[in-house]
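Q: Compute the structure for the input listed below.
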Amino acid sequence: QLQLVESGGGLVQPGGSLRLSCAVSGSLSNVFTFKEMAWHRRAPGNQRELVATITSSGNTNYTDSVKGRFTISADNAKNSVYLQMTALRPEDTAVYYCQADGELSVTGTPFVLKGRGTQVTVSS
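A: Residues are numbered from 1 along each chain as shown. As a prediction, the model looks like this:
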């Protein structure tokens, strides 16, 4: 009924850029309203890390290691979130996951949606 679909991962050289996209889809997507969307990542051997968040009003937060390099943005009407990544470093290599916290507008039923992840590899 509701799912997150991520795209945009891939292999990039150090210093390069990538743009990740994530959209809510499914039969209930037109009545889902997000309150906050986020990108997490998990590097091999590491714990899952919160990278960036954005609220429906546009407030953003970033983990220190990506400040000034990554930009999170959202399209409320499309229930979509994006992560523009620049000046990529090998340590940014990870599986990136999208998450959406919201509710069904007609019932107020809360939902937390989690994507399956998209691989980002930064290597020369």
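Q: Would you map the strands across this protein?
A: For the chain, the strands defined by DSSP state E cover 3-7, 10-12, 18-25, 32-42, 49-55, 60-62, 70-75, 80-85, 94-104, 110-114, 118-122.
Q: possible to save the ones you listed as a markdown table with mean pLDDT and mean neighbour count?
A: Every C-beta, even on glycine, is put in place using the N, C-alpha and C of the backbone. Below are the strands of the chain laid out as a markdown table (pLDDT from 0 to 100; neighbours: other C-beta atoms under 10 Å):
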| stretch | mean pLDDT | mean neighbour count |
| --- | --- | --- |
| strand 3-7 | 92 | 17 |
| strand 10-12 | 97 | 14 |
| strand 18-25 | 95 | 20 |
| strand 32-42 | 94 | 20 |
| strand 49-55 | 97 | 18 |
| strand 60-62 | 98 | 15 |
| strand 70-75 | 96 | 18 |
| strand 80-85 | 96 | 22 |
| strand 94-104 | 94 | 20 |
| strand 110-114 | 92 | 14 |
| strand 118-122 | 97 | 18 |
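Q: excluding its backbone neighbours, what's nearest residue 114?
A: residue 99 (5.2 Å; C-beta to C-beta, 6 or more residues apart in numbering).
Q: residue contacts, that neighbour?
A: 4, 37-40, 112-115 (C-beta atoms under 8 Å, 6 or more residues apart in numbering).
Q: out of the residues you listed, what pair is the most spread apart?
A: Within the contacts of residue 99, two members stand farthest from each other by C-beta to C-beta: 39 and 112, at 14.6 Å.
Q: Check the burial of residue 105 by counting its neighbours.
A: Burial of residue 105 is recorded as 12 neighbouring residues (other C-beta atoms under 10 Å).
Q: Now do the phi/psi pair for it.
A: phi -70, psi -30 (degrees, to the nearest 10).
Q: Just list the residues touching it, thanks.
A: Residue 105 makes contact with 31-33 under the criterion C-beta under 8 Å, 6+ apart.
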